[in-house]
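Student: here is my input, please return the structure:
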Amino acid sequence: MIQDRTFGSRLLSSVNFILLMIISLATVLPFLHVVAGSLTTSAEMAAKKFIIFPSDISFEAYRFVFSTGTIFRSIMVSVSVTLLGTAFSMLITSLMAYGLSRKDLDGRRTIMFLVVFTMLFQGGLIPTFLVVKELHLIDTYAALVLPLTVSAFNMIILRNFFQNIPEGLEESAKIDGCSDFGILFRIVLPLSMPAIATISLFYAVTYWNTYLNAILYLNDSSMWPIQVLLRQIVVLASGLDYSSSLDGAVPPPDQAVKMAVIVVATLPILAVYPFLQKHFAKGALLGSMKG
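Tutor: Okay, here's the model as predicted:
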C-alpha cells in the first residue's frame, strides 16, 4: 500500500508549484502583452501602460505592416532560406558529427580541438566579410547560408548523441555489407530523430532570425528577408505624423506597429515548435550526457 505523503513533501510540492507558476507567468505575460498591444487602438495604447486584454480590437497595426507589397516576397525569402539552410546544415553537421563519433577516425582529437576552439575564438566581423566578398557571395542568398552552415555547439550535441548508439548495430550492418553512408542514413539517423529534430529547430531559428548577415551581404532590397524588412517598417512607423493624416484616418501608434512586427516575426517559427516538442527535451538531454 502506498503511504500517505508527509507534510514536508506536500509543502515542498506546493512551493514548487507556486514557483513554477510565477516563472510561467513571468514568461507568458510579456508575450501576451505584445500580442494584446498589437491589437490595441491608439486611444487605449495611450491610456494604458500594460495591456493583456484590449477593450477594442484593432488590426490597424497589422494592416500597416502588410501594406507594403514586398512583405510577402520577404516572407518567401525567409521561408526558403530557412528550409534550404536547415536541410543543408543538417546534412553537413550530420556527416561531420558521425565521422567524429567514430573512435577509429585518425586525428579525431585534433579535429575536435579545432571545433571547440572556434567556440571560444572567432575571426570577427571584418575577416568574415572579406572571406564572403572574396568568394563572390555578395548579393547572393548563399551568403545567408554558408557562413552559418555548421554550428560547433550543434555538431557536438549531435556527435554525443551518435556515440550513445550501440556499436553492435553498426558492426552487424557492416557484416551485411552496408557502407558507412548506408549505416549513417539507414541506421544512425533514423535512431537519432530526437537529436535531429532538436538540432533542426536550432538551425531553423537561426536562419529565420537572419538579420546581420542580410544587412552586410545583401545590397539589393528586393532580396531582404523578413527580419530586415520588418526593421524598415518599424523605422517608417516611428516617423509617422500622428497629429494629422491626408485621408483623415489615424495611423496606428508606432508602439503597436512594433508589437505587430514582433508577432509577425515570431509566430511562424513558434508554430513549428509544437510538432518538434516531443523530441526537443529528449534530444537535448541525451546529446549532452556523454562527452
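Student: contact partners for the spatially most central residue of the chain?
Tutor: For the chain, V205 is the residue whose C-alpha lies nearest the centre (Cα atoms, centre = their mean; 1.4 Å). Counting by Cβ atoms under 8 Å, 6 or more residues apart in numbering, V205 makes contact with I269. Every C-beta, even on glycine, is put in place using the N, C-alpha and C of the backbone.
Student: state the pLDDT value of it.
Tutor: If you check V205, the pLDDT there is 89.
Student: name the nearest residue to M119, sequence neighbours excluded.
Tutor: What sits nearest to M119 in space, not counting adjacent residues and going by Cβ to Cβ, 6 or more residues apart in numbering, is A152, at 4.7 Å.
Student: just to revisit the earlier point, secondary structure element for the residue nearest to the centre of the chain, which one?
Tutor: Using DSSP states H and E, V205 sits in helix 193-208.
Student: now that helix: buried residues?
Tutor: Across helix 193-208, burial judged by 16 or more other Cβ atoms under 10 Å covers 194-204, 206-208.
Student: shouldn't the residue nearest to M119 be in contact with F121?
Tutor: No - A152 is beyond contact range of F121, at 11.3 Å (criterion: Cβ atoms under 8 Å).
Student: between those two, which has more neighbouring residues?
Tutor: Between A152 and F121, A152 has the larger neighbour count (other Cβ atoms under 10 Å), namely 18 against 7.
Student: contacting residues around the more buried one?
Tutor: Applying Cβ under 8 Å, 6+ apart, the residues contacting A152 are 115-116, 118-119.
Student: repeat that for 10 Å
Tutor: A152 makes contacts with 93, 96, 112, 114-120, 122, as judged by Cβ atoms under 10 Å, 6 or more residues apart in numbering.
Student: do a quick rundown of the helices in the stretch 101-250 of the chain.
Tutor: In the stretch 101-250 of the chain, the helices defined using DSSP state H, counting those that start in this stretch lie at 108-120, 125-134, 142-145, 152-163, 167-175, 180-183, 189-191, 193-208, 212-217, 226-238.
Student: indicate which one of those helices is closest to T86.
Tutor: Closest approach to T86 among these (Cβ to Cβ): helix 193-208, 4.5 Å.
Student: and the closest one with helix 226-238, angle?
Tutor: Counting by axes from the mean of the first three to the mean of the last three Cα atoms, to 10 degrees, helix 193-208 points 40 degrees away from the direction of helix 226-238.
Student: starting at the chain centroid, how far to helix 193-208?
Tutor: Counting by Cα atoms, centre = their mean, to the nearest Å, helix 193-208 is centred 7 Å from the centre of its parent chain.
Student: correct me if wrong: T70 contacts L230.
Tutor: No - contact criterion Cβ atoms under 10 Å: T70 and L230 do not qualify, at 11.3 Å.
Student: the two: which has the busier surroundings?
Tutor: For T70 versus L230, neighbours defined as other Cβ under 10 Å are more numerous around L230 (23 against 13).
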